[in-house]
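[1] Next comes the sequence, and after it the predicted model I'd like to discuss.
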Amino acid sequence: MIRGMARQTKSKKKPGAKKLKASGWQVYIVRCVDGSLYTGIARDVVRRMAEHNGDKGGSSGAGASYTRARRPVTLVYCEDADDRSAASKREFAIKQLSRAAKLALIAAGGALE
């Protein structure tokens, strides 16, 4: 009988009561000092920018090998993604675009420069 009572007193979740936590994943494009564009994903774009630029704020200061030789980099575009998978898929899609299409995306998305 106690078991039955315990089951009845368990809290029941109301539909829609669970809040979805934002994943925090973002897709970003940076412009390197040589004018080239680099696309990546990160949970913390500010920290990632510090890593790309070799600032002390970055954990290792290494950044991507591509941007390491093209410092400093400037963030020119950033968009939110639902999760890591969506961010990776969007990153791949952006990387398949021509340079002109990437520049149009940056202009349409509101350049962060």
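    In hand now; what should we look at?

[2] quick one: secondary structure of residue 38?
    Reduced to three states with DSSP: H, G, I helix; E, B strand; the rest coil, the structure at residue 38 is strand.

[3] Would you mind pulling up the elements that the helix or strand harbouring residue 93 packs against?
    Element membership for residue 93, per DSSP states H and E: helix 84-95. Under the contact criterion of 3 or more Cβ pairs under 8 Å, 6 or more residues apart in numbering; DSSP states H and E, the helices and strands touching helix 84-95 comprise strand 26-31, strand 37-42. Bear in mind the C-beta positions are built from the backbone N, C-alpha and C, glycine included.

[4] most neighbours per residue, which of those?
    strand 26-31 (a mean of 23; mean count of other Cβ atoms under 10 Å).

[5] For it, which outside residues touch it?
    When contacts are defined by Cβ atoms under 8 Å, 6 or more residues apart in numbering, strand 26-31 is touched by residues 37-43, 45, 48-49, 52, 67, 73-81, 87, 90-91, 94, 102, 105-106, 113.

[6] Send over stretch 24-42 as CSV, restricted to the C-alpha atoms.
    This file holds the C-alpha atoms of stretch 24-42, laid out as CSV (Å, rounded to 0.1, in the frame of the first residue of the first chain):
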residue,chain,number,x,y,z
GLY,A,24,25.0,28.2,-27.4
TRP,A,25,26.5,26.9,-30.6
GLN,A,26,27.2,29.5,-33.3
VAL,A,27,28.6,29.6,-36.8
TYR,A,28,30.9,32.4,-37.5
ILE,A,29,33.0,33.9,-40.3
VAL,A,30,36.2,35.9,-39.7
ARG,A,31,38.2,38.0,-42.2
CYS,A,32,41.9,37.4,-42.0
VAL,A,33,44.5,40.1,-42.4
ASP,A,34,45.2,38.9,-46.0
GLY,A,35,41.5,39.4,-46.8
SER,A,36,40.6,35.7,-46.9
LEU,A,37,37.5,34.3,-45.1
TYR,A,38,37.5,31.5,-42.5
THR,A,39,34.3,29.8,-41.3
GLY,A,40,34.0,27.9,-38.0
ILE,A,41,31.8,27.0,-35.1
ALA,A,42,32.1,27.6,-31.4
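
[7] quick check: mean pLDDT across that stretch?
    For stretch 24-42, mean pLDDT rounds to 97.
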